[in-house]
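Q: All I have is the shape, not the residue letters:
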Ligand SMILES: [Fe+2]
């Protein structure tokens, strides 16, 4: 497995953005920055690695725009290049809840081979704090700005609809946020400088 430096990751990202434009580009840059900021305050995570993972988590969007296919094409492309750890993030970022993935992309059904691959893959690993960090940061970044988890959840729900698994994924994301906040002894919103809305 090769290690991907920030410069090499930026090179790959730049080339990918020329293949397909879209909101994924600025979103990925914001996810990378949020991941770097949170990792900088974390006792064991490396901020360069966090940045690289954030930048390339949606690498598959340069090839395929659908939710299922961007996961698989990002994984395949980065595995082919020998960057297995970043390829892993292309898969894990879409599945905070790993106990059931059956209708997680309810508006685009899995093909059996896609389902089998993803299911076996995520069941064969324990999520690390890097997996969780990118799952979290994927929900803290629009293309234009950082956002509250809830804003991103509603944004995705309005674009794709919801299923019972949507709620399980939300529950996991709130747990992941709490997990990091306990380690950081700070709110992730403070760390990435979002001002929370005033109490109503
Ligand atoms: Fe994303």
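A: Sure, I can see it. Please read these numbers as outputs of a predicted model, since none were measured by experiment.

Q: What residues sit buried inside the helix ranked longest in the chain?
A: For the chain, the longest helix by residue count, based on DSSP state H, is helix 164-184. The neighbour-count check on helix 164-184 (16 or more other CB atoms under 10 Å) flags 165-166, 168-170, 172-173, 176-177, 180 as buried. Quick note: C-beta positions are derived from backbone N, CA and C, even for glycine.

Q: Stretch 63-70 now?
A: By neighbour count on 16+ other CB under 10 Å, the buried set for stretch 63-70 is 63, 67-70.

Q: Tell me the one of the buried residues of helix 164-184 nearest residue 139?
A: Distance to residue 139 across the buried residues of helix 164-184 (CB to CB) is lowest for residue 173, with 5.6 Å.

Q: who's in contact with that closest one?
A: 96, 135-136, 139, 149, 153 (CB atoms under 8 Å, 6 or more residues apart in numbering).

Q: The ion: which of the residues you listed is nearest?
A: residue 139 (8.5 Å; CB to the ion).

Q: Run the contact check for stretch 90-107 versus the ion.
A: No - between stretch 90-107 and the ion, judged by CB under 5 Å from the ion, nothing touches; the nearest distance is 6.3 Å.

Q: Quick one: mean pLDDT over that stretch.
A: Mean pLDDT, computed over stretch 90-107, is 85.

Q: for stretch 128-147, same thing?
A: When pLDDT is averaged over stretch 128-147, the result is 97.

Q: What is the neighbour count of the nearest residue to residue 13 once chain neighbours are set aside?
A: Counting by CB to CB, 6 or more residues apart in numbering, residue 13 lies nearest to residue 55, which is 5.3 Å off, once chain neighbours are set aside. Per other CB atoms under 10 Å, the neighbour tally for residue 55 reads 25.

Q: Likewise for residue 148?
A: Around residue 148 sit 14 other residues, with neighbours defined as other CB under 10 Å.

Q: likewise the one 10 residues further on?
A: If you count neighbours by other CB under 10 Å, residue 158 ends up with 9.

Q: who's in contact with the helix or strand hosting it?
A: In this assignment (DSSP states H and E), residue 158 forms part of helix 149-160. With CB under 8 Å, 6+ apart as the test, helix 149-160 has contacts from 67, 105-107, 136, 138-142, 147, 166, 170, 173-174, 177.

Q: ok, that helix near the ion or not?
A: No - if you take CB under 5 Å from the ion as the test, helix 149-160 misses the ion, and the best it gets is 9.4 Å.

Q: Repeat that for stretch 133-141.
A: Yes - using CB under 5 Å from the ion, we find that stretch 133-141 touches the ion at residue 138.

Q: Need the distance between the two termini of that stretch.
A: One end of stretch 133-141 sits 13 Å from the other (CA to CA, to the nearest Å).

Q: how distant is it from the center of its chain?
A: Centre-to-centre, stretch 133-141 and its host chain are 5 Å apart (CA atoms, centre = their mean, to the nearest Å).

Q: If anything else comes up later, I'll come back, but that's it for now.
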